[in-house]
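In: return atomic coordinates for the entry below.
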Amino acid sequence: MTVVAVVAEPPREGLVLQELAETTPLSAAEAADLYAAAYKDVLRAVDASGGDLLVNYRSDVDIPDEHQGEQSAEDELRALAREAVDDIDEARFEVQVGTSRSARAGNTITHLLESEEVKSAAAVPPTTPLMARTHVDGAAMKLRNNPVVLGPSLGGEVYYAGFTDTIDFQGAYEPPAVETLATRAVDAGHDVEYTELLPTVDTADGLTTLVTMLRSRVTAGRIVPEFTTKLIDDLGLRVEDDGDPTLVRD
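Out: Prediction:
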């Protein structure tokens, strides 16, 4: 089984998805709500897959004073997880180690592969609500024959990075992350395979794409991520396109 580490922060106003509050109709509080909804959908997808769920959370001591909450980061993320998965006791929660995205993901993957001797491990952000069980399981299948599997997103980002062997993770997520990770993998002598491209909600472009895809799926009667879809509907988000797709609110 692949251990899938969801590298997450507590969804607090101003701490997460701040770019959305500056570039979309969402407020900082609504952006935090979106992060929480996407986090729950991602956890549900991993929990439903054949992989093992690990929530890799940001330590309270690493969170700026202005973003400290009434609950600890772990307690806050556990409470949200209980709304998404059937048995929270089957999920692992471990604190992140590292001061950058590359370091946090790299330390987690390296520890799992070398110290725990798992066969494969993956790092995913909690911001890709369209990532379903089939994507997680499909990537795990590809990892049987490829040491590195990447899930590309818009703007050269990645929503999935899976490994059966380590690479040099220092600065491995420097943009464009999908290209940097592939270069590090090839430098380490590894073959690279890819999964389907999916949007994340980290940027206005990603959220715009997600909103159109979710509305299309609802219209077509297809499966959608429950928590994110409901929130987007509650917020009245939709896309207008007069030559330039733009997020608006009803």
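In: only C-alpha atoms from now on, for both contacts and neighbour counts.
Out: OK.
In: burial count for residue 50?
Out: By the measure other CA atoms under 10 Å, the count of residues near residue 50 is 18.
In: mind listing what it touches?
Out: With contact set as CA atoms under 8 Å, 6 or more residues apart in numbering, residue 50 has these partners: 1, 2, 136, 137.
In: on the three-state scheme, it is what?
Out: coil (DSSP: H, G, I helix; E, B strand; the rest coil).
In: same thing with residue 53?
Out: Of the three states, residue 53 takes strand according to three-state DSSP.
In: separation between it and residue 40?
Out: Here residue 53 is placed at a distance of 12 Å from residue 40 (CA to CA, to the nearest Å).
In: possible to save the contacts of residue 50 as a markdown table with secondary structure and neighbour count?
Out: A markdown table is the format used below for the contacts of residue 50 (DSSP: H, G, I helix; E, B strand; the rest coil; neighbours: other CA atoms under 10 Å):
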| residue | secondary structure | neighbour count |
| --- | --- | --- |
| 1 | coil | 14 |
| 2 | strand | 24 |
| 136 | helix | 24 |
| 137 | helix | 19 |
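In: of those, which one scores lowest on pLDDT?
Out: Of all the contacts of residue 50, residue 1 carries the smallest pLDDT score, 85.
In: chain neighbours aside, what residue packs nearest to that one?
Out: residue 51 (5.2 Å; CA to CA, 6 or more residues apart in numbering).
In: and the residue nearest the centre of the chain, what's its pLDDT?
Out: The structure's the chain has its C-alpha centroid closest to residue 125; by CA atoms, centre = their mean the separation is 2.1 Å. Model confidence at residue 125, expressed as pLDDT, equals 97.
In: tell me who's in contact with it.
Out: 6, 7, 8, 159, 160.
In: what is the neighbour count of the last one?
Out: Other residues within reach of residue 160, judged by other CA under 10 Å, total 28.
In: can you pick out the most distant pair from the contacts of residue 125?
Out: Between any two of the contacts of residue 125, the greatest separation by CA to CA is 13.6 Å, found for 8 and 160.
In: got the end-to-end distance for stretch 43-57?
Out: For stretch 43-57, the separation between the terminal residues is 13 Å (CA to CA).
In: from the chain's centre, how far out does it sit?
Out: Remark: stretch 43-57 is offset 11 Å from the chain centroid, using CA atoms, centre = their mean, to the nearest Å.
In: and stretch 234-249, by the same measure?
Out: On the basis of CA atoms, centre = their mean, stretch 234-249 sits 23 Å off its chain's mean C-alpha point.
In: in it, which residues are buried?
Out: If you call a residue buried by 16 or more other CA atoms under 10 Å, then stretch 234-249 has these buried ones: 235, 237, 238, 239, 246, 247.
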